[in-house]
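1. I would like the atomic coordinates for the input below:
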Amino acid sequence: MTSYNEDRAAAGLAEMLALAYGIEPETARQIGYATALHDVGKMMIPLLHIISKPAALTPAEFAHMKTHTIWGANILKRISCDFGVMARKIALYHHERWDSTGYWGMNAAELPDYVQIAAISDVYTALISPNRPYKQSWPPDEALQHIKDGAGTHFNPALVEVFVSLSNTQKEEFYAEAK
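-> Predicted structure coming up:
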């Protein structure tokens, strides 16, 4: 399961990316807050059996794990304002890919930009996180290369360009936020 620090890091990066992408500050802040909630549905997944498993998931376990997005959207539907809609969409679609090969096969290009902003921030922080029982933490430069390599397949190429630029131009703040 993602840790509080990892979710906070993803939220901070999402807000930075949204601002750098030209989204107005209040909306960027909301994207950050909504990104912090993206994995809320994981509390409905058996912790030891699936989330903390130190090996690859079986196809049945992976199918069960994918439901965290549905659980999250259902939990967040109680928030009825615009922020709630944003948080629900991020929870439900943060594993959708630009090329339609994500969890539910949706084309991420058809989703709001804030979903892909959350996805990039989530993947990057997950890769550098030491809190995963099934993988070693990646060095930040390798995680950044993974994001670059995913431009046009996993991620929105324009957002990847901005994300990479942030990592170069605001290096100190970027890496401080990511940890």
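2. for residue 149, give its distance to residue 58.
-> Note on residue 149: its distance to residue 58, by C-beta to C-beta, to the nearest Å, is 27 Å. All C-beta spots, glycine's among them, are computed from the backbone N, C-alpha and C.
3. try residue 95
-> For residue 95, the distance to residue 58 - C-beta to C-beta - is 18 Å.
4. between these two, who's got more neighbours?
-> The neighbour comparison of residue 95 against residue 58 (other C-beta atoms under 10 Å) goes to residue 95, with 20 against 11.
5. the helices in the protein, which residues?
-> Taking DSSP state H, the helices of the chain run over residues 4-20, 25-36, 59-66, 68-76, 82-93, 113-128, 140-149, 157-169, 171-178.
6. where among the ones you listed is average confidence lowest?
-> Lowest mean pLDDT within the helices of the chain: helix 171-178, at a mean of 62.
7. which ones are touching residue 98?
-> 107-109, 116, 150, 152-157 (C-beta atoms under 8 Å, 6 or more residues apart in numbering).
8. tabulate the residues you listed in a markdown table, adding columns for distance to residue 23.
-> Output for those, formatted as a markdown table (distance: C-beta to C-beta, whole Å):
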| residue | distance to residue 23 |
| --- | --- |
| 107 | 21 |
| 108 | 17 |
| 109 | 17 |
| 116 | 12 |
| 150 | 21 |
| 152 | 21 |
| 153 | 24 |
| 154 | 21 |
| 155 | 17 |
| 156 | 13 |
| 157 | 17 |
